[in-house]
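K.L.:
could you work out the structure for the sequence below:
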Amino acid sequence: YQLFRAKGSEPLTTYMQLLPDGNRMFALATHRFLIKDEDVKQSDSVIYRLLARYADGGFSNLAETRLEPVE
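P.N.:
Okay, here's the model as predicted:
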């Protein structure tokens, strides 16, 4: 997976590469994952997009992510 991020008026750029067996994704209930972005303050305006890259060289559409506050 490739995660893109734009903070404020910055352009959308690659934020991180994610592997299904990597240590940056934390599995939650049914098909949900938690990724902590330590560089963002609560007052920041941030947009994330996610892209899946397949082993055959194909890729998914650039998906919007749903943000939920973490307590």
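K.L.:
switch to C-alpha atoms for all contacts and neighbour counts from now on
P.N.:
OK.
K.L.:
pull the helix or strand with minimum mean pLDDT from this structure.
P.N.:
strand 26-27 (a mean of 53; mean pLDDT, DSSP states H and E).
K.L.:
surely Lys12 meets Val46?
P.N.:
Heads up, residue 12 is Leu, not Lys. No. With contacts counted by Cα atoms under 8 Å, Leu12 stays clear of Val46, the gap being 9.8 Å.
K.L.:
mutual contacts of the two, please.
P.N.:
Listed as contacting both Leu12 and Val46 by Cα atoms under 8 Å, 6 or more residues apart in numbering are Arg5, Ala6.
K.L.:
pLDDT below threshold where in this structure?
P.N.:
Scanning the chain for pLDDT under 70 picks out the ranges 20-34, 65-71.
K.L.:
if we use 90, what do you get?
P.N.:
1-3, 5-10, 16-55, 57, 59-71 (pLDDT under 90).
K.L.:
so which residues of it form strands?
P.N.:
2-7, 13-17, 26-27, 33-34, 46-51, 63-64 (DSSP state E).
K.L.:
save the ones you listed as a markdown table, and put in mean neighbour count too.
P.N.:
Below are these laid out as a markdown table (neighbours: other Cα atoms under 10 Å):
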| stretch | mean neighbour count |
| --- | --- |
| strand 2-7 | 17 |
| strand 13-17 | 14 |
| strand 26-27 | 12 |
| strand 33-34 | 12 |
| strand 46-51 | 18 |
| strand 63-64 | 12 |
